[in-house]
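>>> predicted model, plus sequence, below.
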There are 2 protein chains.
Amino acid sequence: MKIRVLVSLKPGVLDPQGRAVHHALEGLGFKGVDDVRIGRTVELDVADDTSDEALNEMCEKLLANTVIENYKIEKLG
Amino acid sequence: MKIRVLVSLKPGVLDPQGRAVHHALEGLGFKGVDDVRIGRTVELDVADDTSDEALNEMCEKLLANTVIENYKIEKLG
């Protein structure tokens, strides 16, 4: 079973990497970019019988820092 | 317009970060994890009239290293 975990910074948490990308896009001449936020994805190939609880636990314990990050689990089938 | 760009390593490109996460998950006692690949997301807030060509150009020029990475553009509305 393919799983994608999207990890993003919580709203309000400063994202210097996003600001740098925003600045670089403007420097390259792209207009109309209002905001840029960088996150990461973790694509997991797990056994089909892996429970939602186990996936949540992986995120809480390792994949995301839940103090400053949100995560979303998507099943890709 | 909210845009999400998913950047992932091409198949065959070594992913040491993914291997480290895989190893750590096993160390934490999670069974049945076959593979882990790490990617990143760039969430952009752009003007509604931004063309698909401009978005592609942002990816090709800055957001992804197309030698080793694939990218996918998703419109979140």
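Sure thing, it's come through.

>>> quick one: name the residues of chain A near chain B.
Within chain A, the positions near chain B by Cβ under 8 Å from any Cβ of the partner chain are A:6, A:8, A:18, A:21, A:24-25, A:28, A:30-47, A:49-50, A:54, A:57-58, A:61-63. Every residue, glycine included, has its C-beta placed from N, CA and C.

>>> just the buried subset of the residues you listed, written out for ChimeraX, thanks.
In ChimeraX, the members of the residues of chain A next to chain B classed as buried (16 or more other Cβ atoms under 10 Å in any protein chain shown) are selected with the following command:
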select /A:6,8,18,21,25,30,33,36,37,38,39,40,41,42,43,44,46,50,54,58,63
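
>>> out of the residues of chain A next to chain B, which are inside helices?
Using DSSP state H, the subset of these located in helices is A:Gly18, A:Val21, A:Ala24, A:Leu25, A:Ala54, A:Glu57, A:Met58.

>>> go through chain A and flag its longest strand.
Ranked by number of residues, the top strand in chain A under DSSP state E is strand A:33-46.

>>> now that one: how far from the chain's centre is it?
4 Å (Cα atoms, centre = their mean, to the nearest Å).

>>> ok, now which ones touch the residue of chain A most remote from its centre?
Centroid-distance maximum for chain A: A:Gly29 at 26.8 Å, with Cα atoms, centre = their mean. With contacts defined as Cβ atoms under 8 Å, 6 or more residues apart in numbering or on different chains, A:Gly29 has no neighbours.
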